[in-house]
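# Sequence and computational prediction follow.
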Amino acid sequence: MGFFDSEVVQDEAKRLFEDYQSLTVLGSDYGKFDREGKKMFIDQMEALMERYKIFMKRFELSEDFMAQMTVQQLKTQLNQFGVTPQQMFDQMEVTLERMKAEIN
């Protein structure tokens, strides 16, 4: 069975995408949130990023050809912006830490 044939992989990919979309829509009103709302939003973003890191690590560790191609495509796309996947995650963490500092 291929990496993408797994129901677990398909389910997590779908949930990650849906959760990301929901948080993106919600985040457009971030400036209107009270302090507790901002904390909740940041917590949800941190949890999503952690899930995404784990999901990507599964791709990286898989020997499946399509999983490896997906990793390479992501690296190529990010390279066009001059960043690696790790730098992308690091920047997200910096952004979330900055957001936390602003509400404390």
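Sure, I can see it. Numbers count the residues shown, from 1 in each chain.
# what is the mean pLDDT for the helix or strand hosting T24?
Element membership for T24 (DSSP states H and E) is helix 7-27. Helix 7-27 shows an average pLDDT of 94 in the prediction.
# now the helix or strand following it against helix 7-27, angle please.
Per DSSP H and E, the first helix or strand lying C-terminal to helix 7-27 is helix 35-61. If you take axes from the mean of the first three to the mean of the last three Cα atoms, to 10 degrees, helix 35-61 sits at 150 degrees to helix 7-27.
# packing partners for helix 35-61?
Helix 35-61 sits against helix 7-27, helix 65-79, helix 85-103, with contacts defined as 3 or more Cβ pairs under 8 Å, 6 or more residues apart in numbering; DSSP states H and E. C-beta: built from backbone N, CA, C; applies to glycine.
# That one versus helix 65-79: what angle between them?
130 degrees.
# Neighbours of I42, how many?
19 (other Cβ atoms under 10 Å).
# G27 versus that one, what's the distance?
10 Å (Cβ to Cβ, to the nearest Å).
# what's the answer for K53, then?
Separation of K53 from G27 (Cβ to Cβ) stands at 19 Å.
# try E12
21 Å.
# Among the two, which residue is more densely surrounded?
For E12 versus G27, the count of surrounding residues by other Cβ under 10 Å is larger for E12: 16 against 13.
# OK, contacts around that one?
The neighbourhood of E12, defined by Cβ atoms under 8 Å, 6 or more residues apart in numbering, consists of R51, F55.
# what number of residues lie near F59?
Per other Cβ under 10 Å, the neighbour tally for F59 reads 20.
# what do you get for F55?
F55 has 14 nearby residues by other Cβ under 10 Å.
# same deal with E18?
10.
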